[in-house]
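Asker: Quick one, structure for this:
(chains A and B)
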Amino acid sequence: MKGTRQGLPQNHEGHSDTYFGSRDMEGRGRSQEPTSRLATQREEILALIELRQVTKSYGSGGAVVSALKGVDLMVEQGEMVAIMGPSGSGKSTMLTVLGAMNPPTSGLVLVDGIDIYSLSSERRADFRHEYLGFVFQQQHLVPYLTALENVMIPLAISSSPHREQEEMAAAALERVGLGDKLGRLPGQLSGGEQERVAIARAIVNQPPIILADEPTGCLDSRTGAEVMELLTTLNREGLTVLVVTHNPENTRYVGRTIHLRDGRIESDGSGGREDGPTRHAAAASARLP
Amino acid sequence: MRLSNISLNNLRRRRGKALLIVTGLAVGVATAVSMLAMTAALKADTEKKIDQYGANILIVPRSDELSLSYSGVAVGVSTSVQELTAEDVESIRTIPNSENISTVAPKLLEAVEVRGSRVLLVGVDFPEELRLKKWWSYQGRKPESPDQVVLGHDASQRLGVNPGDHLEIQGRPFTVSAVLEPIGNQEDGLIYADLGVVQQMLGKPGKVSLVEVSALCSTCPIEQIVAQIGERLPQAKVSALAQVMRSREQTVEQLSAFSLAVSAVVLLIGGLVVLTTMMSSVNERTREIGIFRAVGFRRSHVARIVLMEALLLSLMSGLLGWAVGTLSSSLLARAVAQLEEPVVWDPLLAAMAVGLATLVGLAGSLYPALRASALDPAEALRSI
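Answerer: Prediction:
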């Protein structure tokens, strides 16, 4: 399949196939096939996500704040990466830049070979729908929709029948252990359960990449550990997961840890997981100043 | 799940805001509907009442000469006048707008000698004449047979007769059935008799001197009816008493313009209620919109959610406004305006009310929808 679905351009290297070239931007109710491909190709060294000299500044005139200062980063398909750093170090900015929601001031952001900020705003929306699943710190569930309906939100703009959407959403909730709470409103769920609903919503569309912003920030340590375990499971199933976190405990679930400070990558090394750092982590570390 | 489910769920959740929008818009629509329904009823009522003031079309035989009278004072006698016929009178009711003609009152005029005085004898079709001249009040009774006559007040004084008296006209005996109360115009000096009898007495069977017509037309100008009668009667001169008609039309037009102006103001206020309430709703939903955008909703998807909510509320407002407006105008027309014509439950007005509400509701929601769709997802999620 070509990287020109819904007008998405060919990848940045000029290949007609993107890495997830077989993913169908229209296929919002598609099968498991793309993630299966992900799993079988994990041994290939290909950068799924690449940041090249990315800078991001806020404000203007004398009040300019640089959140990212010339960041280079490569993340392979199938990696699970923790992005750490103190407040104001640029972690959340990096996540929103990667999330196709926050155009960088300069530099290039490539995902699956696609220069995402060369896309129009509407095409970027399509891109987010197709490639990314977001898990936010405060879950950001819609309070007047049930757990099942919250998970169905990304499917609302698809053409798949309601029944199929329900089945997909129920399967996603089952996968995060909430198969018995489909009809609950967010207010009737615990914090940990709400976070799981948010994760189910992030994966229901079967995106290859999960971006999580402080997913354990509002949870107690036990529930936080459960959420990180869940993300780890999804990563083992083939999804690429980037987690912004304050909590050093969370590094034991990841294969690679990036520390940011003052908008720059301070360190890029292995995480605490037994399967260890990826080859790109080592390569990236070597490029650090 | 569809975008419409999101809209519906949001409306269910924010019932207060939904109610505020429906109320604001429904009040505007109800005012417009009420005004329009009242104006229509008032128009019908005015037409009916104007009909009671007599004829608005006069048909006389065509003459080559100019009129020789001014304000009822004749200064000469026209010699070349041809009379109209009974067939002419019947053909008046065959024009395309015949349903707009309420009364056709033919007359045959002739000056006659009665008890030593010259009096103008008018042959009339009494049922038509009495319908045309509802302002007549009289002593005595309505004429019921061809040998009865009605006298104007001055004529009865001059001839010294009262209701019930006998009166001989050109050798034919009549009974005075009624004497009119003073009117203040030429009718005070006339003798009214049955048209057929007068035609026979004068040796002019089937002839009439003039025809007075009362026509009502709320959907077409009176000139149209005049033209249609003129086509049927090329030998006659047909003229509208334009002053009466224009005055009536002007009154109704002014009333319609006033109604429209009031309706526009109230609808504008309704639109502003929609605008502010929808803006407030959008502001409260910044986080939700951020989520929608983050998971891949296009701007157009977000705008559609907001506009779909507006559409649903507008449809409800339109129907509610139509029902309330028609009901209130129906009550007001009878109780306050004392109109005789009823206010009708008009499905066309219902369609117009729904259309109007939709137009105002969507127009008021357009800016909030655009604002919502333009929200930066990163900014929206950060703002919480």
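
Asker: okay, CA-based contacts and neighbour counts for the rest of this
Answerer: Will do.

Asker: by contact count, what packs against the helix or strand harbouring residue A:55?
Answerer: Here residue A:55, judged by DSSP states H and E, is contained in strand A:47-58. Judged by 3 or more C-alpha pairs under 8 Å, 6 or more residues apart in numbering or on different chains; DSSP states H and E, strand A:47-58 is in contact with strand A:65-76, strand A:106-111.

Asker: Make a markdown table out of the ones you listed and add mean pLDDT, distance to chain B and mean neighbour count.
Answerer: Shown next, in a markdown table, are the helices and strands packed on strand A:47-58 (pLDDT from 0 to 100; distance: least, C-alpha to the nearest C-alpha, whole Å; neighbours: other C-alpha atoms under 10 Å in any protein chain shown):
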| stretch | mean pLDDT | distance to chain B | mean neighbour count |
| --- | --- | --- | --- |
| strand A:65-76 | 91 | 14 | 20 |
| strand A:106-111 | 93 | 16 | 21 |
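
Asker: so which of these gets nearest residue B:84?
Answerer: strand A:106-111 (96.7 Å; C-alpha to C-alpha).

Asker: Alpha carbons only: can I get that closest one in CSV?
Answerer: Extracted in CSV, the C-alpha atoms of strand A:106-111 (Å, rounded to 0.1, in the frame of the first residue of the first chain):
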residue,chain,number,x,y,z
SER,A,106,12.4,24.8,12.8
GLY,A,107,13.7,21.4,11.9
LEU,A,108,12.0,18.3,10.5
VAL,A,109,9.7,15.7,12.1
LEU,A,110,9.4,12.5,10.2
VAL,A,111,7.1,9.7,11.1
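
Asker: quick one on the thing from earlier: residue B:368 is nearest to which of the helices and strands packed on strand A:47-58?
Answerer: Judging those by C-alpha to C-alpha, what sits closest to residue B:368 is strand A:65-76, at 31.0 Å.

Asker: For that closest one, which outside residues touch it?
Answerer: Residues outside strand A:65-76 that contact it (C-alpha atoms under 8 Å, 6 or more residues apart in numbering or on different chains) are A:45-59, A:88-90, A:93-94, A:107, A:240, A:262-265, A:278, A:280-281, A:284.

Asker: what's the distance between the residue of chain B at minimum distance from chain A and residue A:260?
Answerer: Closest to chain A within chain B is residue B:296: 4.0 Å, counting by C-alpha to the nearest C-alpha. Between residue B:296 and residue A:260 the distance is 28 Å, computed by C-alpha to C-alpha, to the nearest Å.

Asker: now residue 240, nearest residue through space, not along the chain?
Answerer: I went with chain A, as the question did not name one. Spatially, and ignoring its direct neighbours in sequence, residue A:240 is nearest to residue A:78 (4.4 Å; C-alpha to C-alpha, 6 or more residues apart in numbering or on different chains).

Asker: wrong chain, I was asking about chain B
Answerer: Nearest to residue B:240 is residue B:57, by C-alpha to C-alpha, 6+ apart, at 4.5 Å.

Asker: Could you check how far the one you found is from residue B:226?
Answerer: Counting by C-alpha to C-alpha, the gap from residue B:57 to residue B:226 is 7 Å.

Asker: Repeat that for residue A:179.
Answerer: From residue A:179 to residue B:226 the distance is 81 Å (C-alpha to C-alpha).

Asker: Which residues of chain A lie near chain B?
Answerer: With C-alpha under 8 Å from any C-alpha of the partner chain as the criterion, chain A meets chain B at residues A:96, A:101-102, A:122, A:124-130, A:132-134, A:140-142, A:144-145, A:149, A:152-157, A:162, A:165-166, A:202.

Asker: What subset of the residues you listed is buried?
Answerer: A:96, A:101-102, A:124-130, A:132-134, A:140-142, A:144-145, A:149, A:152-157, A:165-166, A:202 (16 or more other C-alpha atoms under 10 Å in any protein chain shown).

Asker: surely residue B:148 meets residue B:197?
Answerer: No. Contact between residue B:148 and residue B:197 fails when scored by C-alpha atoms under 8 Å: they sit 10.1 Å apart.

Asker: Among those two, which residue is more densely surrounded?
Answerer: Higher neighbour count among residue B:148 and residue B:197: residue B:148, with 20 against 17, using other C-alpha atoms under 10 Å in any protein chain shown.

Asker: So for that one, what's the pLDDT?
Answerer: Reported pLDDT at residue B:148 in the predicted model: 94.

Asker: Setting the sequence-adjacent residues aside, check what's closest to it.
Answerer: According to C-alpha to C-alpha, 6+ apart, the nearest residue to residue B:148 is residue B:175 (4.8 Å).
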